[in-house]
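Asks: Test case, fold it:
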Amino acid sequence: MKLSWMLVLLRFSSCLVLAEDSLDSMVQLSNLDGLSGSVESIDGERLVWKSPMLEKPATFLMKNVIELRQAGEIPQLDDRSEALVKLTNGDAVRGQLASVSGDSIALDTGFAGRMTFNRLMVESVTISERTNFLYKGPSGLDGWRQSDESPAWTYRHSIFSSKALGGIARDVSLPDECRITFDAAWNGGLGLKLILFSNDAGSDHPTSGYEVTFQQRSVYLRRCNGQKFLGHTPNVTLLEESEKAQIEIRASLKSGKVCLFVDGEAVDVWTDPNVAAESGGGVIHFISTTASPVEISGIRVSKWDGELDPVAGPQAMLDQDLGPHDDDPSNVGAAVNGAAGRMELRNGDTISGEVVSIEKGMVKIRTAFSEVTIPLERLCAVTLKPASLERCKRLSGDVRGYLVDGSSLVFHLDGMEGGFLIGSSQNFGTAKLNLSSFARVEFNIYKPSGKEGGVAESR
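Replies: A predicted model of the protein is given here:
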């Protein structure tokens with residue numbers, strides 16, 4: 001039997017169970033076949049995959065590989081603060097700020113050690129208290145409650161998959177201001193509801209909380225105890241460019257703000273004018289509203305400080321040019337974190353000066369009068385010297401990785417050493433990236449995958 005036909009059987013058979021359930025990785029091919037197992041080796045042209053379903057490792061041409069998914073892990077760090085470095089190509093990398101200069105920004109990460117970024121390709125640097133997740137998963141069905149006697153959701157390899165209309169819910173003790181991030185994948189159009197601040201995990205129609213409805217490329221917001229929409233964004237193009245997306249909702253029961261992000265892009269902000277009347281619960285729901293399968297993975301729930309970055313409206317997103325001119329430096333706006341030389345503190349104060357050094361969580365700033373030293377976590381943002389920003393070139397063989405800590409990174413895949421991917425980019429040079437820290441790695445990111453792939457080469 002040909003390998004491609006065997007993979008088709010694996011894809012549609014719900015009876016097959018892996019003998020080694022600890023293998024929590026899956027490769028998806030361009031003909032939509034999926035195969036559990038683990039990476040043996042990888043380079044710019046081929047991926048060698050081993051699986052208990054195969055007699056021997058199989059080699060796949062990279063042009064036929066869509067993505068790798070797994071239950072990633074990033075080592076826990078003791079630092080009290082976390083820096084978010086945003087790059088001009090849309091990447092966002094989290095870590096501990098190590099140094100800032102006119103030429104570079106250095107970041108200590110949990111997945112690649114120290115990474116040094118070209119200043120001309122850094123859009124902004126912000127500081128926040130390190131995220132303590134209230135929930136990360138899924139790692140199984142334990143703790144989740146399905147709404148019907150006939151469950152609509154199944155679990156396998158860190159992914160919830162819907163097989164019918166219906167919901168799955170969990171009490172994650174949502175705080176009044178929270179951030180919920182998850183990866184979604186679907187066939188056809190997206191049909192999904194996310195309910196947050198619910199008080200009833202056993203019903204798809206709770207009487208408290210907010211309901212965010214994703215209907216193909218439209219998104220709606222309403223209160224669960226009312227019919228009137230609080231917001232409607234009709235044309236989220238990022239939800240139709242591919243049949244997968246990272247979705248993030250930030251919501252506050254204090255301000256009434258509900259913010260939508262897709263693939264790291266701010267889409268819209270809605271406001272409930274009567275938020276004071278809302279009594280919030282701690283439950284979140286994922287509800288499939290379509291017969292076509294929906295997959296949910298990479299769920300992360302954490303507190304939110306309620307602070308909003310400037311958000312472009314949906315029309316601004318429609319006007320963005322995502323075509324071949326992206327490599328033109330003139331398309332990149334100048335990054336300004338604040339007034340020149342002025343840095344904002346978390347208590348609302350500001351300080352003018354230049355960062356001299358950063359050591360052991362303390363930042364030394366040279367002001368017009370003297371040098372002062374303050375804890376790094378007291379800063380909201382580090383003001384960078386003005387520069388004519390550039391965007392890194394797109395190269396054949398680039399991949400896009402989504403890490404468990406919320407970072408996203410595009411890099412050229414040069415190879416693999418042990419459990420590390422070797423990646424390079426004009427943004428940061430060359431780095432060894434711990435494969436176990438990735439929740440998802442996408443391949444062939446600049447062109448649609450064909451339907452004829454998925455056939456392994458002989459080895």
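
Asks: Just the helices from this structure, written as ranges.
Replies: In the chain, the segments counted as helices under DSSP state H are 3-12, 314-318.

Asks: Ranked by average pLDDT, which of the ones you listed falls at the bottom?
Replies: Lowest mean pLDDT of the helices of the chain: helix 314-318, a mean of 36.

Asks: And Arg119, how close does it get to Gly95?
Replies: 16 Å (Cβ to Cβ, to the nearest Å). Heads up, the C-betas are built off the backbone N, CA and C, glycines and all.

Asks: Ok, Ser425 next?
Replies: For Ser425 relative to Gly95 (Cβ to Cβ), the value is 16 Å.

Asks: just Val410 next, same as before
Replies: Noted for Val410: a distance of 17 Å to Gly95, by Cβ to Cβ.

Asks: Name all residues that make contact with Leu141.
Replies: Leu141 sits next to 153, 155 when contact means Cβ atoms under 8 Å, 6 or more residues apart in numbering.

Asks: scratch that, Asp263 is what I was asking about
Replies: Asp263 neighbours (Cβ under 8 Å, 6+ apart): 238, 245-246, 408.

Asks: if we go to 7 Å?
Replies: 238, 245-246 (Cβ atoms under 7 Å, 6 or more residues apart in numbering).

Asks: cool, Ile299 as well?
Replies: 135, 137-138, 182.

Asks: and of those, the nearest to Leu403?
Replies: Proximity of these to Leu403 (Cβ to Cβ) peaks at Phe182, which lies at 14.5 Å.

Asks: rewinding a little: list only buried entries from the contacts of Asp263.
Replies: 238, 245-246 (16 or more other Cβ atoms under 10 Å).

Asks: Out of those, flag the one nearest to Met343.
Replies: Nearest member of these to Met343, counting by Cβ to Cβ, is Gln246, at 29.7 Å.

Asks: just checking, the closest one touches Ala185?
Replies: No: counting by Cβ atoms under 7 Å, Gln246 stays clear of Ala185, with 10.4 Å between them.

Asks: picking up where we left off before, which members of the buried ones among the contacts of Asp263 are positioned in strands?
Replies: Counted as lying in strands by DSSP state E, out of the buried ones among the contacts of Asp263, are 245-246.

Asks: Out of the buried ones among the contacts of Asp263, which one has the lowest pLDDT?
Replies: Among the buried ones among the contacts of Asp263, Leu238 has the weakest pLDDT, 84.

Asks: Pretty sure Ala245 is one of the things that residue touches, is it not?
Replies: Yes: counting by Cβ under 7 Å, Leu238 touches Ala245, with 6.1 Å between them.

Asks: Name the residues that touch stretch 114-125?
Replies: By Cβ under 7 Å, 6+ apart, the surrounding residues in contact with stretch 114-125 are 83, 85-88, 93, 97-98, 102-109, 335, 337, 381-382, 384, 387, 389-392, 426-429, 431.

Asks: Neighbours of Arg378, how many?
Replies: Arg378 has 16 neighbours, counted by other Cβ atoms under 10 Å.

Asks: Check the one 10 residues further on too.
Replies: Under the neighbour criterion other Cβ under 10 Å, Ser388 is assigned a count of 9.

Asks: Then the one 3 residues further on?
Replies: By other Cβ under 10 Å, the residues close to Arg391 number 21.

Asks: Repeat that for Glu417.
Replies: 10.

Asks: is it in a bridge, and if so with what?
Replies: Taking DSSP bridges, one obtains Phe420 as the residues bridged to Glu417.

Asks: In ChimeraX, select just the buried ones from the contacts of stretch 114-125.
Replies: Typed into ChimeraX, the line below selects the buried ones among the contacts of stretch 114-125, using 16+ other Cβ under 10 Å:
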select :83,85,86,87,88,93,97,98,104,105,106,107,108,109,335,337,381,382,384,389,390,391,392,426,427,428,431
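
Asks: Select from the contacts of stretch 114-125 every entry located in strands.
Replies: 83, 85-87, 93, 97-98, 104-109, 429, 431.

Asks: Looking at the residues you listed, spot the one nearest Pro273.
Replies: Distance to Pro273, by Cβ to Cβ, is smallest for Lys86 among those, at 31.4 Å.

Asks: pretty sure that closest one contacts Ala92?
Replies: Yes: because the distance of 5.2 Å satisfies Cβ under 7 Å, Lys86 is recorded as touching Ala92.

Asks: what sits in contact with each of Leu238 and Ala245?
Replies: Joint contacts of Leu238 and Ala245 (Cβ under 7 Å, 6+ apart) are 262-263.

Asks: burial measure for Ser139, as a count.
Replies: 12.

Asks: Equivalent analysis for Glu243, please.
Replies: 16.

Asks: nearest residue to it other than its sequence neighbours?
Replies: By the measure of Cβ to Cβ, 6 or more residues apart in numbering, the closest residue to Glu243 outside its immediate chain neighbours is Trp186, 5.4 Å from it.

Asks: and the one you found, how many neighbours?
Replies: 22.

Asks: Hmm, it is touching Ser288, no?
Replies: No: the criterion here is Cβ under 7 Å, and Trp186 misses it with Ser288 at 9.3 Å.

Asks: list residues touching both of these two?
Replies: Joint contacts of Trp186 and Ser288 (Cβ under 7 Å, 6+ apart) are Val294.

Asks: which strand residues sit across from Phe182 in the sheet?
Replies: Bridge pairing for Phe182 - DSSP bridges - gives Ile247.

Asks: show me the contacts for it.
Replies: Contacts of Phe182 (Cβ under 7 Å, 6+ apart): 247, 296, 298-299.

Asks: what separates it from Gly137, distance-wise?
Replies: For Phe182, the distance to Gly137 - Cβ to Cβ - is 10 Å.
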